[in-house]
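Novice: The amino acid sequence is not available; the structure is as follows:
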Ligand code: AR6
């Protein structure tokens with residue numbers, strides 16, 4: 001299954017599903033989350049509010065994923081997942097791996113053929129980029145799926161280089 005690495009902005013990707021590194025409120029934030037809501041418009045937030053009201057009154061738990069419309073984005077769907085905050089004391093890598101697995105599962109349920117991921121948890125949530133990249137690439141490779149393309153969209157050259165190392169290793 002082809003993995004592509006792209007240096008760029010996830011909001012501009014022409015794929016069926018883009019993954020959002022959200023927080024459990026699903027009501028927006030900074031980083032990728034802010035960029036997706038800004039570029040996609042208010043339809044995404046309206047759908048997130050509906051999900052909160054109907055399915056996740058206490059918020060989306062870490063490691064899980066849910067889909068909404070992509071509003072004005074070129075993609076068809078946004079798959080929102082909540083990465084774990086990095087901890088030096090506790091190994092939370094299982095939760096980060098779960099973000100990738102669950103996002104792939106939700107995308108497959110929707111009928112998506114192509115998906116773009118950001119480096120979940122590697123910004124505000126403080127995950128060291130090399131480790132985040134290793135978990136991202138390793139998990140996606142180990143998860144059986146029928147997708148035509150899985151794209152990692154890295155926002156800066158350092159992140160791109162980390163994913164290149166992870167993909168080569
Ligand atoms: N396209 C691709 N990657 C991006 C973009 C973009 N437009 N913008 C930032 N990145 P982060 P997290 C990179 O902080 O660590 C939010 O406030 C960024 O450089 O977006 O999972 C949420 O609401 C970094 O490498 O996500 C949560 O509260 C990576 O995307 C919290 O941040 C992830 O950074 C989630 O933190």
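Specialist: Great, that's in hand. Model, not experiment: these values are computed from the prediction.

Novice: Would you confirm that residue 141 contacts residue 3?
Specialist: Yes - using C-beta atoms under 8 Å, residue 141 makes contact with residue 3 at a distance of 7.2 Å. Bear in mind the C-beta positions are built from the backbone N, C-alpha and C, glycine included.

Novice: between those two, who's got more neighbours?
Specialist: Each of residue 141 and residue 3 has its neighbours counted (other C-beta atoms under 10 Å); residue 3 has more, 16 against 13.

Novice: can you pull the pLDDT of that one?
Specialist: Among the per-residue scores, residue 3 shows a pLDDT of 94.

Novice: Averaged pLDDT, stretch 77-91. What do you get?
Specialist: Mean per-residue pLDDT for stretch 77-91: 98.

Novice: Centre of the chain to that stretch, how far?
Specialist: Taking C-alpha atoms, centre = their mean, to the nearest Å, one finds stretch 77-91 lying 10 Å from the centre of the chain it belongs to.

Novice: For the residue nearest to the spatial centre of the chain, which three-state class applies?
Specialist: The residue lying closest to the centre of the chain (C-alpha atoms, centre = their mean) is residue 19, at 3.4 Å. With DSSP: H, G, I helix; E, B strand; the rest coil as the basis, residue 19 sits in strand.

Novice: and it, how far is that from residue 87?
Specialist: From residue 19 across to residue 87, the span is 22 Å (C-beta to C-beta, to the nearest Å).

Novice: Okay, now the unreliable bits of the protein?
Specialist: 1 (pLDDT under 70).

Novice: correct me, but the residue nearest to the centre of the chain touches residue 79?
Specialist: Yes - between residue 19 and residue 79 there is a contact under C-beta under 8 Å: 4.8 Å.

Novice: hey, what's in contact with both of these two?
Specialist: Taking C-beta atoms under 8 Å, 6 or more residues apart in numbering as the contact rule, residue 19 and residue 79 both touch 65, 103, 115.
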